[in-house]
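**Q** give me a model of this one.
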Amino acid sequence: MSSRKKISYKSSGVDIVLGEKLVETIKPLAKKTFRKEVINEIGGFSSLFDIPKNYKNPILVSSTDGVGTKIEIAELMDNHKSIGIDLVAMCVNDLITSGAEPLFFLDYLVTDKIDLKKSRDIISGISKGCMISNCSLIGGETAEHPKNFPKGKYDLAGFSVGVIEKQDLKKNNFKDGDLLIGLKSSGLHSNGYSLIRELLRRKKINLKRKLGANSLGKILLEPTKIYVKEIQLISKKVNIKAMAHITGGGLLGNLERILNKKYSFLLERKSLFSFNKKLFSYLMKQANLTEKDMLKTFNCGYGMVLVVDRDDAKEVFKSLKKLKQKFKIIGKVKKASDKSEMLII
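**A** Residues are numbered from 1 along each chain as shown. The predicted structure is shown next:
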């Protein structure tokens, strides 16, 4: 008679006990982010959140995103403490381009097998990102895919919800002479990393090599800047006509998303690489890229671009200086003669 060996969930590669330990680790990290509108605790089957009472005609706004292959740099550096900030930033920076106030956030972490320390570092970063953007981490999912996901690897996705008054929805009501104001990025943010990884592989570049005062690896892991406070402060003072979060597709690709048929943008070449010059010059040279390649791939120093009336510029500058946010005027709006397109002058 042949013996029969029990096939359990754990022997299949899923450790429920470890998963429960992770949930207990997450609870205090999430609690730090809770706004007064949070109704239930972490650990239920769903999460409940009340719409803030100060909104008379609320419209809910949502956004979802990931951090792409920047995770591979975190793996190479064995540093996962800031990748969660990137995740929150990618979602809430998209959210605020509509003028919405971020309310809450949920994450999805998938791996072959739960690593408690790594998972805690990742979720600590998510918690920190939520605190920076004043939104609550109210739920999420950690999934183990044993024998079906690369060993020791993980991926991340996030989902955020915000709210805006219906009357405040953006209409892109441009006019000749409106200014494009670029807000300084903290670095590459979370885009262009597939190109970066290919460059590192082909050129055999060591992440420990110095680029200025820091190593290349540290520079590449610099977390994405979250612009919630800046946008909220400016929005109280003036009407921001449109915003572009500079992500995949680079500076040019994302500015194209806020163009309309009647207007074009004139960009000033002298301002396009004003910030993080050393990093972008290095990448341009090492990868043998043209200026246009760079502008279509990377943020080139600007993580968010605002379109405002020229008459509101001083008030915008005042608000940005108050928050110590560096910026540049990178161009202006011009009525299109035949079709809407951007020009670099």
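**Q** C-alpha from now on. contacts and neighbour counts both.
**A** Noted.
**Q** can you get me a residue count around S127?
**A** Number of residues near S127 (other C-alpha atoms under 10 Å) recorded here: 27.
**Q** for it, give me its contacts.
**A** L29, A30, K32, T33, G84, I85, L137 (C-alpha atoms under 8 Å, 6 or more residues apart in numbering).
**Q** look up phi and psi at it.
**A** With angles defined as degrees, to the nearest 10, S127 sits at phi -60, psi -40.
**Q** pLDDT wise, what is it at?
**A** With respect to pLDDT, S127 scores 98.
**Q** start at 610, not 1
**A** Shifting the count to begin at 610 puts that one at S736.
**Q** shouldn't L915 be in contact with I790?
**A** Yes. If you go by C-alpha atoms under 8 Å, L915 and I790 touch, sitting 5.1 Å apart.
**Q** all helices for the stretch 610-759 of the chain, in order.
**A** Using DSSP state H, counting those that start in this stretch, the helices of the stretch 610-759 of the chain run over 625-640, 679-686, 692-704, 725-741.
**Q** report the angle between the last one and helix 692-704.
**A** With axes from the mean of the first three to the mean of the last three C-alpha atoms, to 10 degrees as the basis, helix 725-741 and helix 692-704 are set at 30 degrees to each other.
**Q** so what angle separates the directions of helix 725-741 and helix 625-640?
**A** Using the same axes, to 10 degrees: helix 725-741 against helix 625-640 is 20 degrees.
**Q** next one: the second one
**A** Our comparison of helix 679-686 with helix 625-640, counting by the same axes, to 10 degrees, yields an angle of 110 degrees.
**Q** so where's this protein uncertain?
**A** In the predicted model of the chain, residues 610-612, 615-624, 947-949 satisfy pLDDT under 70.
**Q** need the residue closest to the centroid of it.
**A** M699 (1.9 Å; C-alpha atoms, centre = their mean).
**Q** mind listing what it touches?
**A** Contact analysis of M699 by C-alpha under 8 Å, 6+ apart lists D674, G675, V676, S799, T833.
**Q** do the same with I705
**A** Neighbour list for I705: P711, V837, I840 [criterion: C-alpha under 8 Å, 6+ apart].
**Q** could I get these in a markdown table, plus columns for distance to L808 and neighbour count?
**A** Output for those, formatted as a markdown table (distance: C-alpha to C-alpha, whole Å; neighbours: other C-alpha atoms under 10 Å):
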| residue | distance to L808 | neighbour count |
| --- | --- | --- |
| P711 | 36 | 26 |
| V837 | 32 | 21 |
| I840 | 34 | 23 |
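**Q** quick check, nearest of those residues to F874?
**A** I840 (21.3 Å; C-alpha to C-alpha).
**Q** distance between the ends of stretch 696-712?
**A** In stretch 696-712, first residue to last residue: 15 Å (C-alpha to C-alpha, to the nearest Å).
**Q** ditto for stretch 738-751
**A** Across stretch 738-751, first to last residue, C-alpha to C-alpha, it's 18 Å.
**Q** re the thing from before, go through the contacts of S736 and name the one nearest K887.
**A** Using C-alpha to C-alpha, the contacts of S736 come closest to K887 at I694, 23.8 Å.
**Q** surely that closest one and L830 touch.
**A** No. Proximity of I694 to L830 does not meet the contact threshold set by C-alpha under 8 Å, at 10.7 Å.
**Q** these two: which is more packed in?
**A** Taking neighbours as other C-alpha under 10 Å, I694 and L830 compare with I694 leading, 26 against 23.
**Q** what residue, apart from its backbone neighbours, is nearest the more buried one spatially?
**A** G738 (4.5 Å; C-alpha to C-alpha, 6 or more residues apart in numbering).
**Q** got the contact list for A822?
**A** With C-alpha under 8 Å, 6+ apart, A822 has no contacts at all.
**Q** elements contacting whichever helix or strand K927 is part of?
**A** Here K927, judged by DSSP states H and E, is contained in helix 922-931. On a contact count with 3 or more C-alpha pairs under 8 Å, 6 or more residues apart in numbering; DSSP states H and E, helix 922-931 meets helix 837-846.
**Q** how about the helix it packs on: buried residues?
**A** V837, E839, I840, I843 (16 or more other C-alpha atoms under 10 Å).
**Q** domain ranges for the chain?
**A** Under automatic domain parsing, the residue ranges defining each domain of the chain are 625-777, 788-953.
**Q** now for the helix or strand containing G771, which elements pack on it?
**A** Per DSSP H and E, G771 falls inside strand 763-774. Secondary-structure packing of strand 763-774 (3+ C-alpha pairs under 8 Å, 6+ apart): strand 667-675, helix 692-704, strand 710-720.
**Q** how about residues contacting the shortest one?
**A** This means strand 667-675. 696, 699-701, 703-704, 709, 765-775.
**Q** and with 7 Å instead?
**A** Outside strand 667-675, the residues within contact range by C-alpha atoms under 7 Å, 6 or more residues apart in numbering are 696, 699-700, 703-704, 709, 765-775.
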